[in-house]
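Undergrad: Okay, sequence plus prediction incoming.
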Amino acid sequence: MKRNVLLKSILGLATTVALLLVSCGGGGGGGGGGGSDDTCKNYTAVATVPSLWTQLSPTGTPPAARNQHEFAYDAANDRLIIHGGRDGTQSFNDTWVLANASGVSGTPTWNHLTTAGTAPQRYLAAFGYNSAKNKFLLFGGSDSTGQTKMDLWLLSNANGVEGTAATWSTVQIAGTAPSVRGSMASAYDETSDTLILFGGGACSGTACTLYNETWLINSVTTAPTWQKINPTGTLPPALANLSAVYDPARNCLVIFGGNASTANPPDTLARVDDTWVLSDVIGSGTPAWSQLTTTIAPPARGGHSAVFDSTNNRMIVFGGVGTENYVGKDVWILVNPGAASPTWAEYSTGAPQPPARGNHAAVYTGTGKNRMIVFGGATGGGTFTNDTWVLRNANGIPSSTVSAITIKGGSVSVCNGYTIQLTPVATDAAGNEVSGVLFIWSTSNPAAATVSPTGLVTGAGAGSATITAGNGVVSGSLAITIKLPPTTPGGGGGGSTLSIVEGQTVSACFDTNAGITSVVNPQTLIAFGGAPLSGYTWTISSLSAFPSGTTVSSLTGVFNGTGGKFALAPGSYTFKMDVSDGTSSASGTITLIVEEANSSGAGGIPGVGCPDAVFQQSPSFGNLLPSAKAGSPYGASLWVMGGTPPYTWSLATGTLPPGLSVDASKGVVRGTPFSSASGQTFQFTVKVTDAMGETAITPSTYRITVQ
């Protein structure tokens, strides 16, 4: 896999560290967001999101922990059916039924379903359930030897309710079959008795062949027959390990995510965040692919789950594995796929939440109970689980009518580059809080303030913005004012006192698969202000010491490992650094966070390892450095993480204020702005190249205003 350099602007730190704690000038108050103060800081949430998740405690012996299993839900009898899958050492061919699976009507109870016939030992298979015939269907997947199969199995009396035994049988499929492939997306339509298959791939050695074909198995439970459909429109990329749901009301297939890599094992960076819709997928119409265009989308992932509320036209996505090999536990809802104005929104579900996972089971109960049931999966680091969780109000539509929405926050003003976490509170006509609402956020002025899908507001430039949260019917708003940090002592920029950015964090992994060793993520430390005519010089404070196995370059301020193996247990470590510009000095505390990691995986899920640093930057960050003063010395460090130091810095596009330059070896913007630059704002991007020749350019522009 190609290793990339992760390049961010200093303002990219705003999500994880507090920037300079300096005076920001006046400030208003009032409104749903409370007041404001004169300090530049990040504001945490002042209200709590109601908890929607519940972990079930079923009676009976549960299935063994597993992932990549097949599953189905019998809505009429509230029963979850689980079959097969694998853990890190074995694959399974057992079948289990969880009675009262939603926990609504009684105590959930696990039952091991005794079956007749030879049960298929499969994982990563396609599957479905015909409730009218009480038949569970399974197609393809991989067997206990890892060989990909293309056969069809039916399990009769699958829910365990009927008196006769559940029986497995194989069924021949008529017609011309596709070439052998696995990890396909699938969806089953009971009305037409059709199993829809898309994508997948076949691997040999270090290479894989992926497909973007769509196939149907018609009349699955009676006389199964192959049909390849040939849609019009631009086809999706060839993908594997993606999700699919079928919308019977609009006769369309909706796919999301997956991996486009043809390497074996696949490159995690090739996971995508695309959403595609195939219309007229079943029947005599003309199928056509189209890619959905939405304002936001969930981060790229694979191994996630997707369920569908056909009544309200909503697809609910949970968990999966992202591009950096970390498993997730976020919930996203796609409103109106296959219809006008589709919208993605992240669903805030409160705490507690299920542990992050991928390749799990997830089913939707229907709008009557409005639950999503999640079972099992891989939790990263080669570990698996057999727990069961239920998400109430799974579609984001509460049973009570929302009459008003109020937005609460710790302030109504914030300095540029800092954040305010807002929390929307929905109430009914009587003023009672309503939980389980999907909120869609927007900002009236993204040049001043951006807002994340969960209500985190980030100052992007001086000005004001109205932040709105709504559920599609009712909305609430809050006006936010964004102020620029001044160029007073401690504030950085031209003529200011030298300072180290407070609250900086650096990171490392404790990797049990690398001989019990720690892996440090190289990263530059940040200083502002002073007169760094030759850059900054960094030293460890006399009363402090570096955490074992780490160091900071005195010339470049790059935090890194000292080389060789060393063990640094998971936890937090602090150390003090001094920085000098040649005439003055400053001190600051740095926090090293070591997270436990495991770079090996099993069951198709990579471990939560120490991934290569990846180029990324939110467009809302990186657009403003401390302002400068004409005729006064200026200094500001730039930030980079990942890659292989030393780094080489250069101007990529745009123009620096006359008199300033980027120090090629130290990553510092320094110099004395000319008087001709006074009153102007200069925009530019920076390129960084590491020792291995990898490069990255800031995707959004830096801005320096000269006073």
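TA: That came through fine. Numbering: from 1, shown residues only.
Undergrad: Thought residue 263 was touching residue 206, still the case?
TA: Yes. Taking contacts as CB atoms under 8 Å, residue 206 lies within contact range of residue 263: 6.6 Å. (C-beta placed from N, C-alpha, C; glycine too.)
Undergrad: neighbour-wise, which of the two wins?
TA: The residue with more neighbours, out of residue 206 and residue 263, is residue 263; 13 against 9, by other CB atoms under 10 Å.
Undergrad: isn't the more buried one right up against residue 207?
TA: Yes. At 6.9 Å, residue 263 counts as touching residue 207 under the criterion of CB under 8 Å.
Undergrad: list the contacts for the nearest residue to residue 313 once chain neighbours are set aside?
TA: In this structure, residue 313 finds its nearest non-sequential neighbour in residue 336, 5.3 Å apart by CB to CB, 6 or more residues apart in numbering. Residues near residue 336 by CB atoms under 8 Å, 6 or more residues apart in numbering: 313, 314, 342, 343.
Undergrad: let's see 7 Å
TA: 313, 342, 343 (CB atoms under 7 Å, 6 or more residues apart in numbering).
Undergrad: Next one: it relative to residue 109, how far apart?
TA: Separation of residue 336 from residue 109 (CB to CB, to the nearest Å): 37 Å.
Undergrad: give me the element residue 319 is part of.
TA: strand 314-321 (DSSP states H and E).
Undergrad: elements contacting that strand?
TA: On a contact count with 3 or more CB pairs under 7 Å, 6 or more residues apart in numbering; DSSP states H and E, strand 314-321 meets strand 305-309, strand 327-335.
Undergrad: how distant is the first one from the center of its chain?
TA: So that's strand 305-309. 17 Å (CA atoms, centre = their mean, to the nearest Å).
Undergrad: angle of it against strand 314-321?
TA: 170 degrees (axes from the mean of the first three to the mean of the last three CA atoms, to 10 degrees).
Undergrad: tell me which strands and helices strand 305-309 is in contact with?
TA: If contacts are counted by 3+ CB pairs under 7 Å, 6+ apart, strand 305-309 sits against strand 243-247, strand 314-321, strand 361-364.
Undergrad: now do 8 Å
TA: Packing partners of strand 305-309 (3 or more CB pairs under 8 Å, 6 or more residues apart in numbering; DSSP states H and E): strand 243-247, strand 252-256, strand 314-321, strand 361-364.
Undergrad: how much does the strand holding residue 319 deviate in direction from strand 327-335?
TA: Using the same axes, to 10 degrees: strand 314-321 against strand 327-335 is 160 degrees.
Undergrad: Quick one: classify the nearest residue to residue 402 once chain neighbours are set aside as helix, strand or coil.
TA: Counting by CB to CB, 6+ apart, residue 426 is the residue found nearest to residue 402 once chain neighbours are left out, at 4.5 Å. Of the three states, residue 426 takes strand under DSSP: H, G, I helix; E, B strand; the rest coil.
Undergrad: Pull up the gap between residue 426 and residue 215, please.
TA: From residue 426 over to residue 215 (counting by CB to CB), the distance is 44 Å.
Undergrad: Specify which residue of the two has the higher count of neighbours.
TA: The residue with more neighbours, out of residue 426 and residue 215, is residue 426; 25 against 20, by other CB under 10 Å.
Undergrad: Spit out the contact partners of that one.
TA: Contacts of residue 426 (CB under 8 Å, 6+ apart): 398, 402, 404, 405, 433, 434, 435, 437, 439, 471, 474.
Undergrad: ok, the nearest residue to the last one once chain neighbours are set aside to residue 385 distance?
TA: Residue nearest to residue 474 in three dimensions, not counting chain neighbours: residue 402, with 5.1 Å by CB to CB, 6+ apart. With distances defined as CB to CB, the gap from residue 402 to residue 385 amounts to 35 Å.
Undergrad: repeat for residue 100
TA: According to CB to CB, residue 100 and residue 385 sit 20 Å apart.
Undergrad: ok, now residue 129?
TA: On the measure of CB to CB, residue 129 and residue 385 end up 23 Å apart.
Undergrad: which one of these two has more residues nearby?
TA: Neighbour count, other CB under 10 Å: between residue 129 and residue 385, residue 129 has more, with 23 against 20.
Undergrad: For the more buried one, which non-adjacent residue is closest in space?
TA: residue 72 (3.4 Å).
Undergrad: try residue 365
TA: Nearest non-adjacent residue to residue 365 (CB to CB, 6+ apart): residue 371, at 4.5 Å.
Undergrad: So for the one you found, what's the pLDDT?
TA: We have a pLDDT of 98 for residue 371.
Undergrad: One more: residue 499?
TA: We have a pLDDT of 85 for residue 499.
Undergrad: was I right about it contacting residue 529?
TA: Yes. Residue 499 is within contact range of residue 529, at 5.5 Å (criterion: CB under 8 Å).
Undergrad: re the thing from before, select, out of the helices and strands packed on strand 305-309, the one closest to residue 164.
TA: Among the helices and strands packed on strand 305-309, strand 361-364 comes nearest to residue 164, with 24.4 Å by CB to CB.
Undergrad: tell me which strands and helices the closest one is in contact with?
TA: strand 70-74, strand 79-83, strand 305-309, strand 371-380.
Undergrad: Relative to residue 189, which of the ones you listed is closest?
TA: Among the helices and strands packed on strand 361-364, strand 305-309 sits nearest to residue 189 (CB to CB), with 11.2 Å.
Undergrad: For that closest one, give me every contacting residue.
TA: With CB under 8 Å, 6+ apart as the test, strand 305-309 has contacts from 243-247, 254, 256, 314-320, 360-364, 366-367, 372, 374, 394-395.
Undergrad: helix/strand/coil for residue 269?
TA: Looking at residue 269 with three-state DSSP, the answer is helix.
Undergrad: Just to check, it is in contact with residue 323?
TA: Yes. Between residue 269 and residue 323 there is a contact under CB under 8 Å: 5.3 Å.
Undergrad: remind me, longest strand of this protein?
TA: Longest strand of the chain, by residue count under DSSP state E: strand 585-597.
Undergrad: Mind listing what's buried along that strand?
TA: 586, 588, 590, 592, 594, 597 (16 or more other CB atoms under 10 Å).
Undergrad: pLDDT score for residue 441?
TA: 97.
Undergrad: Which parts of this structure belong to which domain?
TA: Following automatic domain parsing, one gets these domains for the chain: 5-22+486-705, 23-52+393-484, 56-171, 173-296.
Undergrad: pLDDT on the last one, on average?
TA: Read it as domain 173-296. Mean predicted confidence for domain 173-296 is 96.
Undergrad: So, low pLDDT: which residues of the chain?
TA: For the chain, the stretches with pLDDT under 70 are 1-39, 485-495, 511-517, 564-566, 597-624, 699-700.
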